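Novice: only geometry, no sequence info:
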Ligand SMILES: Cc1ncc(C[n+]2csc(CCOP(=O)(O)OP(=O)(O)O)c2C)c(N)n1
Ligand SMILES: Cc1ncc(C[n+]2csc(CCOP(=O)(O)OP(=O)(O)O)c2C)c(N)n1
Ligand code: SF4
Ligand code: SF4
Ligand code: SF4
Ligand code: SF4
Ligand code: SF4
Ligand code: SF4
Ligand SMILES: [Mg+2]
Ligand SMILES: [Mg+2]
């Protein structure tokens, strides 16, 4: 005979790869979501002890405190170069950079293009929040036309400051890129998609398929002057039209992977 | 009554915008062809006295000696930034950078992407000769897979050094780019096409249509270890297949121009 | 004559503005003055404080380890600064946010239930002004009128409707102290 | 004992190699030695020269303004270095590339039609060796055998078929000088 | 003009505007960001050029280019950002261009922190870029001085075709103080006879820092050295306080100098005959003045927000003929007047021999705790 | 082992290989390019890492990253390229990592030229990057020394978790000299207790240069200062020639030091009692040794390939108690022994007072021609 | 019958951003009006029955502050 | 009849690279076997009749060393 009882099952718990500390992020900032996704993927793949993270300069400078694996901290924009140094001497470790849009697409553009072109086997988690969060919300290369920031007080004037850079699209033109996509963190569906992409990015690295980058549209409620929930909406309404969610480069070998 | 006599007409003379000095380029190096085309276009447009050239670091570092107009000389890779400085305070002058592939696509990648993204109204003449000519033929980001150079003595190994960068294609993804094309200097037909593109690039600037760049496939007989004529052939046989001649971004307004 | 005032509290309590007001007032009186915030990581969230130095001579250090007066707008600020007040100096404490007595007896202490008073005035944001009023009543540095004048001249136009309330808050702070002392 | 030799000519005349050969020979004899090229823009096209210093003691400067000996392989080199040779020093001139006399009389001068001799030997590339032979015959620093030995040991394997020719070129250079002097 | 209450960063920015700043290029970095932010609205409002560069490398090369045209130009940054400018600074010096750079120092090395420090003294004063060159370096200690030095910096730069660095620290950038602003000038765009702005009506010009022929480069180096001799003769600035009858002196620049003033006053109040020597131009350094002063003194205390960088210059200048002591705070900590007062007491009451190194003694006194 | 004839650049590269170099990252620049070119075949042949970086910024941050793992790493460059490394160097110092950098100096400032110079002495020795930090700086004067210093540099770097700079000039890079190579070691990959190579079996580790809290940063600064005291006590290197009975001495480092040796010999031959003091470690500088020496002398001549950068250190160390003269060549010109000899004659026959500055006298003698 | 679930909030991680509140399909979350955590934030809590254990709140939470449980049938013999 | 042309070479600019020689459709160019210019190169010269003044040599010349002339009918009344 069969006994049917109700039993409680754990559906979701904080990932092991996250350290047990509070973050310094502002309430509702989706940097935290990105961290969580990375940690979940690393847990799932069981690669925590083989990880070396490279923190950049930006609000995520303290990322090293929030993950429970080895971490180094790079000068502003140079995380891809530092990651290259680590990966070249430890080719069997997983190496990840975690960079903001000012870091990666402004001061660090040279390094990210070079790393992508070299097909450097590293994974880049790229948080695009359309401004320089840490220094108080200045214009970033990703700031939208007309967007007000503390260094474009009348709104980004494209005549003077030019056009935002669509980083994923640009890097996807490089042969060394194995996996380059854009995702968003503004709702559950997109977060799920983002997680899958983070996984695929690490799988790219695992299988030696070259450079992988996941661009994540992220909020900065503090500097945008919005509540966390308004900020999510702004990602959907203002950012996504300019930065379409999409797969810009996917090495065919990845499609065959069973994850 | 009509007298028909034969009269001699000048079909081609050295352009005025070239200075009356010998260049230091190696025999057969097509840097010289690129110089000539630029000078011819500047003569035709009558803008010599309104020009400020920005020389870069590479074999063309002395470009300032060969043109008969104002010139400044930039640190390795930083010509687009220097040109931006000039153009911003002199918006009605024509500003040109002349850069090699090491200069523009390696150390200077950050500056060129930023200038293109800003839609900086400058013209970039970009000489791609698949190596670092001036320092003795080291690998450049444009060096072809398998190509032997003094720093890739067994041929460029894409597993280690990654893939060459197709600069024009990459920069064309940026909204600020008004005119981005690739041409070659290896035969009369291509040289004629190249000249027309140099003209269009300056017209882009004249009409305020944003960033313009002409990538020119060029020879380096000395470091390639080929005769000048073999070198032209190598451009055609080896480089063009990897670097297709083409228009990668052309502002529609340019098509309506009558030149 | 030189006086150093530290105003300390949570971000959002109007700490920096209260300091600037003092600064403006001193400046308008023809005195030398410096204002310096503690900036840094603690700026975001957490605590905020600023130091104001007022003098009739060229000011040396804009920061001091032993101020003439401190306004402590919350408990952590009291804990941090109580011991630092100069002998004979002034310590103004926001009693509403502090659940302990002041231990020192060699300084003038004013315990002011500033939140309560501000709420009585109908605007929580007046807490800082209440405490400032209490300070001025204790520290012989600037007449309260000078601060009122500064308020008028430097409060952004759009807040001018709050002028009277601000003045009132300062007066209440001053009076509360006077009452407490005479009591 | 210290001797400084400058070898100067066009790029492609084997200037640097001739200098290296001297250097190897000196090294194999247990002497101290330095070799330094002039590098720089002139490397490409134009002139080339190198300085070799040979000594039985630790060598100070690897460059000298007044060398003990000079091989001038062409006219610009003669013009540049004639005045610099030390009093009593040696100047070997490639007569084939020079259309003037040497002016100095306080030094040993060897005018050697090195191109002609090399062509007689059937290989233009031997010019440098002819001049080197002439130098060794004039400068008491290394036996010609030492240079021959160095040649054998340091000439790349693929050129070993040229060994005899190289030796012969040096001997011809040496003999030409001897003949000229005895004449 | 009436005094206004201004933040240091803003005051410097406005002073530059009033000096006729034509173009500003910079990149955000704490604690100088307000300077850039202020100019991001102020410059366009006046129809002048403001551009946020892609990086400090970009910024320094933009000012390099803009300076070539004869325009008044400026950039600003803080320690790590300034390090990225070193190549460009060396080029600007080699090309002999007038450029003003503001450096608001923070704690280092590396990413360090954003609190005030003076640990880039050597980098700025003794050459963080390659080659022999000499920027003029001015270190304001208060906001009025920051305004005045910035306002004058452009003339100085143009007079000597030289780089001028305004060397401040985070606390000066962040503090407010009443100060008077100078008269407003329109954007200045000169056409000196070396500038490249298009060759209409004249021969073409070239601006570069290459001299492939060593004798030509040496000539340039000598030219720079001679110009520096001239600058040394003409442009020394310093402030003296209570030195007339002093037996002792404190030497400090910028913020540490002004903090020391409080300590000096306190010591005077106790009857110690001590004064303050505050160099305002760190390059050219008031060498002669300090040397002459030192001859009259019984001892010197050098105070800095670093591990003793200017200290070596003071030792060199005073030839270690009198006792010198050192007090430094590092990593973003301001020395407090009371701490300096204690050091003054030590200097006066327990003088050490001129022998031995003041830094060693300082490390022995304070370092061990750490 | 038998001596081999090697170019300086190649000798340094091979010495690093034999020291167990695990990874090299660099960018071409004359006059150090052969070093990179040599390693581009040598390293892969041994199964080790060679990577041509996208720039010197890339290179310095690649060594930064690789050093974090415990690998033996090196980069190399020349003046303008080294300037681009300043931010990274400051980070490496702040993170306390063992890294070896070779700097083959050329003429500057700016693009300058590719001829040998020593004008980056201040940049390398006194801190071209921001913040208080002290690299160990070793200046070889010949190829054997270049080999030996490079070979030992890695141990030094690891012993002190410090940056070590091999400071050479273009002529040392380009010249050939017989020298003996040391024994070959396999690629060295250590796992010291600070390195980040994956946390298997231990707690996670962090390597960074941020200390947002000023007291923490100050603690780090003190730690660096104390370590530097230790290095100063243990790692001074210098060479003396003919100094036993000397009345005079020349002070010079690297190539200018070795050239001076010829002049000293010539002067000795004329009966002048002169010797040569050649610092090999420029940081830590042989301060005590030079000071003690100076007490026995009647005069000093400092010779450099710059406008007198080390000169200031010599003046500081010797306290201007004896006459000091200076002779410098700049812009890529090597001083010739005869020129130095003439300066020695001047020093001996027409001694000047200790007063006045040797650089001024030098400029008066030579600069005016220019 | 919809599945039964339950969440636990680790108060000290929660910053009261209310993103989970807005995202919960069942509308059963709200900030605790009185309680403050050590950082001074009002943490979120379940205010009603009806949690299905869908996990959406955890998916959107930037602080990984939420643990989710769901009741499942377990068959034992 | 093909058009008649003629070229002039500015010897001191020419580096003897022979690119024009290879490009000339008429095959009328060659390096001067004996002459050397001040840089030590054998400059190019017309060696035969038949130049059409097509300008191709000038188009390919990296040194802008060639001047091209062509005869055209000119009508005068
Ligand atoms: C060389 C250098 N320049 C500038 C800075 C100052 N800085 C710190 S963070 C930052 C911007 C970060 O923005 P982003 O990368 O978009 O990250 P976010 O904070 O938005 O996540 C800047 C400019 C620095 N630390 N170093
Ligand atoms: C900062 C810096 N790094 C390196 C160099 C050395 N350098 C001079 S030219 C050059 C490469 C030039 O190659 P490219 O841009 O392709 O021009 P080409 O000579 O091929 O025309 C390099 C690396 C330098 N001058 N400055
Ligand atoms: S400033 Fe913006 S990006 Fe930074 S933590 Fe706050 S919300 Fe997030
Ligand atoms: S080295 Fe190459 S690119 Fe440079 S001038 Fe010679 S052929 Fe041209
Ligand atoms: S698990 Fe689902 S139903 Fe339960 S609280 Fe979270 S979002 Fe709401
Ligand atoms: S989303 Fe997370 S941090 Fe925000 S209120 Fe909910 S539990 Fe708290
Ligand atoms: S013009 Fe034409 S035909 Fe005449 S030489 Fe030139 S290429 Fe040949
Ligand atoms: S192409 Fe020009 S440089 Fe070459 S051979 Fe012909 S004329 Fe001379
Ligand atoms: Mg951002
Ligand atoms: Mg190239």
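Specialist: That came through fine. No experiment lies behind these values; they were computed from the predicted model shown. Ligands and ions are numbered 1, 2, ... in the order given.
Novice: how about the secondary structure of residue C:30?
Specialist: coil (DSSP: H, G, I helix; E, B strand; the rest coil).
Novice: same check, this time on the one 3 residues further on
Specialist: Residue C:33 carries the three-state label strand when classified by three-state DSSP.
Novice: all the helices of the stretch 51-200 of chain A, in order from the start?
Specialist: Shown for the stretch 51-200 of chain A, the helices assigned by DSSP state H, counting those that start in this stretch span residues A:63-66, A:79-89, A:101-102, A:109-118, A:158-161, A:167-171, A:188-206.
Novice: with respect to ligand 10, which of these lies nearest?
Specialist: helix A:109-118 (15.8 Å; Cβ to the ion). C-beta here means a position set from N, CA and C on the backbone, and glycine is covered the same way.
Novice: from the chain's centroid, how far away is the closest one?
Specialist: Computed by Cα atoms, centre = their mean, to the nearest Å, the chain-centroid distance of helix A:109-118 equals 16 Å.
Novice: what does stretch A:78-90 give?
Specialist: 17 Å.
Novice: that one and chain F, any residue contact?
Specialist: Yes - for stretch A:78-90, a contact with chain F is found by Cβ under 8 Å from any Cβ of the partner chain, at A:78, A:81, A:82, A:83, A:84, A:85, A:86, A:88, A:89, A:90.
Novice: what residue ranges in the chain score low on pLDDT?
Specialist: The chain I'm using is chain A. Along chain A, segments meeting pLDDT under 70 span A:1-2.
Novice: chain G, not that one
Specialist: G:1, G:76-77.
Novice: is there proximity between stretch E:197-213 and chain B?
Specialist: Yes - judged by Cβ under 8 Å from any Cβ, stretch E:197-213 comes into contact with chain B at E:197, E:198, E:199, E:200, E:201, E:204, E:205, E:206, E:207, E:208, E:209, E:210.
Novice: just give me the closest of these to chain C.
Specialist: The closest of the residues of stretch E:197-213 next to chain B to chain C turns out to be residue E:209 (Cβ to the nearest Cβ; 38.0 Å).
Novice: contact partners for whatever residue of the stretch 1-150 of chain A ends up closest to ligand 7?
Specialist: Nearest to ligand 7 in the stretch 1-150 of chain A, going by Cβ to the nearest ligand atom, is residue A:117, at a distance of 40.4 Å. Contact analysis of residue A:117 by Cβ atoms under 8 Å, 6 or more residues apart in numbering or on different chains lists A:174, A:175, A:176, B:141, B:162, B:163, B:164, B:165.
Novice: residues from the stretch 151-259 of chain A in reach of ligand 3?
Specialist: A:220, A:221, A:222, A:223 (Cβ under 6 Å from any ligand atom).
Novice: most widely separated two among those?
Specialist: The span of those, defined through Cβ to Cβ, is set by A:221 and A:223 at 7.9 Å.
Novice: counting contacts, what elements does the lengthiest helix in chain E pack onto?
Specialist: What stands out as the longest helix in chain E, according to DSSP state H, is helix E:214-234. Packing partners of helix E:214-234 (3 or more Cβ pairs under 8 Å, 6 or more residues apart in numbering or on different chains; DSSP states H and E): helix E:143-160, helix F:358-366.
Novice: buried residues in the first one?
Specialist: Right, helix E:143-160. Neighbour counts over helix E:143-160 (16 or more other Cβ atoms under 10 Å in any protein chain shown) mark E:143-154, E:156-158, E:160 as buried.
Novice: check which helices and strands that helix sits against.
Specialist: Packed against helix E:143-160, as judged by 3+ Cβ pairs under 8 Å, 6+ apart, are the following elements: helix E:8-18, strand E:99-105, strand E:136-138, strand E:163-169, strand E:176-180, helix E:214-234.
Novice: same question for the shortest one.
Specialist: Using 3+ Cβ pairs under 8 Å, 6+ apart as the contact criterion, the secondary-structure elements in contact with helix F:358-366 are helix E:214-234, helix F:309-318, strand F:324-328.
Novice: rerun at 7 Å
Specialist: helix E:214-234, strand F:324-328 (3 or more Cβ pairs under 7 Å, 6 or more residues apart in numbering or on different chains; DSSP states H and E).
Novice: adding distance to residue F:107, mean pLDDT and mean neighbour count as columns, could you present those in JSON lines?
Specialist: What follows is the helices and strands packed on helix F:358-366, written out as JSON lines (distance: least, Cβ to Cβ, whole Å; pLDDT from 0 to 100; neighbours: other Cβ atoms under 10 Å in any protein chain shown):
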{"stretch": "helix E:214-234", "distance to residue F:107": "5", "mean pLDDT": "97", "mean neighbour count": "19"}
{"stretch": "strand F:324-328", "distance to residue F:107": "13", "mean pLDDT": "97", "mean neighbour count": "26"}
